[in-house]
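Participant: Would you be able to build a 3D model of this:
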Amino acid sequence: MITNRQKYAQYRMKLAKIRRAKQRTAMLLREMRLPGDRLLAAMDTEMEMITNDLATFEDVYIDPEIVDKLSSYPKMILTMRLSLGWSQEELARRAGFTRRQIGRLEQDGYDSARIKDALSIASTLHRALFNSKSKSPG
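Facilitator: Residues are numbered from 1 along each chain as shown. Sure, this is the predicted structure:
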């Protein structure tokens, strides 16, 4: 399991090495006309496991600088929603959430938002603000 950025970098290097080794091995096996299906399959399995570990880390890792910026996230959602004149219900409907979820996300100190949800709501608000500005005369 990858637990930090250093291990992540090590796993990426390991994956690259296995890929290169597999390519060379496959070429040698072909040239020598030797069976190597099991060896190549084992290398594929190892690469798949490393790829899954990398993806898992990428899904859950949050850079400390981003954490600092996310502390203002509840206020940002509330400010953007109100500037559009939307209720919590309206934002929830447009973003695919419940009103209760939006209410929780707008609370100071709420720190259980998933990055995917935060991005979805931010994208919904951004699109709406962009569209409202592009339609206004000016």
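Participant: okay, CA-based contacts and neighbour counts for the rest of this
Facilitator: Fine.
Participant: and the one helix or strand Asn52 maps to, average pLDDT?
Facilitator: In this assignment (DSSP states H and E), Asn52 forms part of helix 37-60. In this model, helix 37-60 has an average pLDDT of 91.
Participant: now do stretch 92-111
Facilitator: Averaging pLDDT along stretch 92-111 gives 86.
Participant: Also stretch 4-16?
Facilitator: Mean pLDDT, stretch 4-16: 92.
Participant: when you give positions from now on, start the count at 6
Facilitator: Shifting the count to begin at 6 puts that one at stretch 9-21.
Participant: quick one: contacts of it?
Facilitator: For stretch 9-21, the surrounding residues in contact (CA atoms under 8 Å, 6 or more residues apart in numbering) are 7, 52, 55-56, 59, 62.
Participant: and what of stretch 88-103?
Facilitator: Stretch 88-103 is contacted from outside by 86, 104, 106-108, 125-126, 129-130, 133-134, using CA under 8 Å, 6+ apart.
Participant: if we can go back for a sec, okay, the contacts of stretch 9-21 in CSV with distance to Tyr16 and neighbour count next?
Facilitator: Shown next, in CSV, are the contacts of stretch 9-21 (distance: CA to CA, whole Å; neighbours: other CA atoms under 10 Å):
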residue, distance to Tyr16, neighbour count
Ile7, 8, 18
Met52, 10, 19
Ile55, 7, 19
Thr56, 9, 15
Leu59, 7, 19
Phe62, 11, 18
